[in-house]
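**Student:** Turn this into a model:
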Amino acid sequence: MSFFLFPFIAFGSILLFAALFTVKQQTAAIIERFGKFQSIRQSGLHLKIPLIDRISGRLSLKIQQLDVLIETKTLDDVFVRLKVSVQFKVIKMKVYDAFYKLDYPHDQITSYVFDVVRAEVPKMKLDDVFVKKDDIAIAVKSELNQAMMDYGYDIIKTLVTDIDPDAQVKEAMNRINASEREKIAAQFEGDAARILIVEKAKAEAESKRLQGQGIADQRREIARGLEESVEVLNKVGINSQEASALIVVTQHYDTLQSIGQETNSNLILLPNSPQAGSNMLNDMVASFTASNQIGEAMKNGPKKSLPKK
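**Tutor:** Next comes the predicted model:
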């Protein structure tokens, strides 16, 4: 009895295994019955009628990327190659349109990218192509979204990933960039040299200011000392003219003494005016007179009495 049931069990097992099928994550399976669309199955374990239903195809719902290389010419007659990367995916609610309306989506997307890029780039100069590459990408995405949405595809992002001009143009651009960098470097060096000169001039001016201030302070102290000396001499009965003569002669003697102490000094500068000799003689006579007056004043001064024992 079991021998007769074995073929039926085996046949039933084959039918069961034929009826079961799985759909991977982020994938959609299209089921047709007798060649006609039946249903769309998402990820998981599913059943179909063996020999009647069949899996017509599977579509990935993941984000896909397509790189398109386009060669075109700019407004200033420069041939340039662009690489445009398009990221797209099948819309989950429009799997039917993506499977039945469009057979080769990559070719369709490539055609639209070619059309938009060759319409936009010839309006721009080469430098503008580098600057406005994002605008080109936005234009491509906008055109693709309008066209591919009807076929069940969503354009996620469009990028211009590479811009490659002709080899001769690239070499010329490198030379221009090198000369511009040299020009900027020379400009920076010139600015640095000017700043150094200005700072050096400021430092010298500050040094001279401080030096002048020091000389002014020194002369101020000398004048104060001379004024005090004249006041002391005036207290002992010497007039201002005689006191000035005495101070001048004293300074002359001090100067000669300091010159004599310097072993490396062998030069003495004297005034060369015609009246220099007579002026020095008059100063010396006045100073001697003042010295005598100081001596007489000290002799005639009140003597201190000694204490008695």
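
**Student:** how much space between the residue nearest to residue 52 when sequence neighbours are not counted and residue 69?
**Tutor:** Spatial nearest neighbour of residue 52, chain neighbours left out: residue 33 (5.8 Å); criterion: Cβ to Cβ, 6 or more residues apart in numbering. Backbone N, C-alpha and C define where each C-beta goes, glycine included. When Cβ to Cβ, to the nearest Å is the yardstick, residue 33 and residue 69 sit 43 Å from each other.

**Student:** how far away is the residue nearest to residue 52 from residue 57?
**Tutor:** Taking Cβ to Cβ as the criterion, residue 33 is separated from residue 57 by 14 Å.

**Student:** remind me which residues of the stretch 151-300 of the chain are low pLDDT?
**Tutor:** Across the stretch 151-300 of the chain, the ranges flagged by pLDDT under 70 are 170, 173, 219, 222-223, 226-227, 229-300.

**Student:** about what we covered before: mind listing what the residue nearest to residue 52 touches?
**Tutor:** Taking Cβ atoms under 8 Å, 6 or more residues apart in numbering as the contact definition, residue 33 lies against 49, 52-53.

**Student:** And it, its phi and psi?
**Tutor:** Summarising the backbone geometry of residue 33 under the convention degrees, to the nearest 10, its torsions are phi -120, psi 120.

**Student:** List the residues that contact residue 47.
**Tutor:** Shown here is residue 47, whose contacts under the criterion Cβ under 8 Å, 6+ apart are 19-21.

**Student:** For the residue nearest to residue 79 when sequence neighbours are not counted, grab the count of nearby residues.
**Tutor:** Spatial nearest neighbour of residue 79, chain neighbours left out: residue 166 (4.9 Å); criterion: Cβ to Cβ, 6+ apart. A total of 15 residues lie near residue 166 under the criterion other Cβ atoms under 10 Å.

**Student:** Pretty sure residue 166 sits against residue 76.
**Tutor:** No - proximity of residue 166 to residue 76 does not meet the contact threshold set by Cβ atoms under 8 Å, at 11.8 Å.

**Student:** Mutual contacts of the two, please.
**Tutor:** Shared contacts of residue 166 and residue 76 (Cβ under 8 Å, 6+ apart): none.

**Student:** re the thing from before, report the beta-bridge partner residues of the residue nearest to residue 52.
**Tutor:** Each beta-bridge partner of residue 33 is listed here, defined by DSSP bridges: residue 36, residue 53.

**Student:** Let's see stretch 73-83 as CSV, backbone CA atoms only.
**Tutor:** Only the C-alpha atoms of stretch 73-83 are listed here, as CSV (Å, rounded to 0.1, in the frame of the first residue of the first chain):
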residue,chain,number,x,y,z
LYS,A,73,32.7,71.8,-25.6
THR,A,74,32.5,74.9,-23.5
LEU,A,75,31.6,78.4,-24.6
ASP,A,76,35.3,79.3,-25.1
ASP,A,77,35.8,76.3,-27.4
VAL,A,78,37.5,74.0,-24.9
PHE,A,79,36.8,70.3,-25.1
VAL,A,80,36.1,68.9,-21.6
ARG,A,81,35.1,65.5,-20.2
LEU,A,82,32.7,65.3,-17.3
LYS,A,83,31.8,62.4,-15.1
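
**Student:** What residues of it count as buried?
**Tutor:** Across stretch 73-83, burial judged by 16 or more other Cβ atoms under 10 Å covers 74, 78, 80, 82.

**Student:** re the thing from before, what's the residue nearest to residue 79 sitting at in phi/psi?
**Tutor:** On the backbone of residue 166 - angles per degrees, to the nearest 10 - the values are phi -60, psi 150.

**Student:** For residue 180, grab the count of nearby residues.
**Tutor:** Using other Cβ under 10 Å, residue 180 has 10 other residues around it.

**Student:** Renumber starting at 41 from here on
**Tutor:** In the new count, where the first residue is 41, that last one comes out as residue 220.

**Student:** Secondary structure class of it, three-state.
**Tutor:** Following DSSP: H, G, I helix; E, B strand; the rest coil, the label given to residue 220 is helix.

**Student:** give the contact list for it.
**Tutor:** In this structure, residue 220 makes contact with no residue, judged by Cβ under 8 Å, 6+ apart.

**Student:** Okay, it and residue 226: tell me how far apart.
**Tutor:** In terms of Cβ to Cβ, residue 220 sits 11 Å off from residue 226.

**Student:** just to revisit the earlier point, how about the buried residues of stretch 113-123, which pair is most distant?
**Tutor:** Looking at those by Cβ to Cβ, the two members farthest from one another are 118 and 122, with 12.2 Å of separation.

**Student:** Quickly find the element holding residue 143.
**Tutor:** Per DSSP states H and E, residue 143 falls between elements, in no helix or strand.
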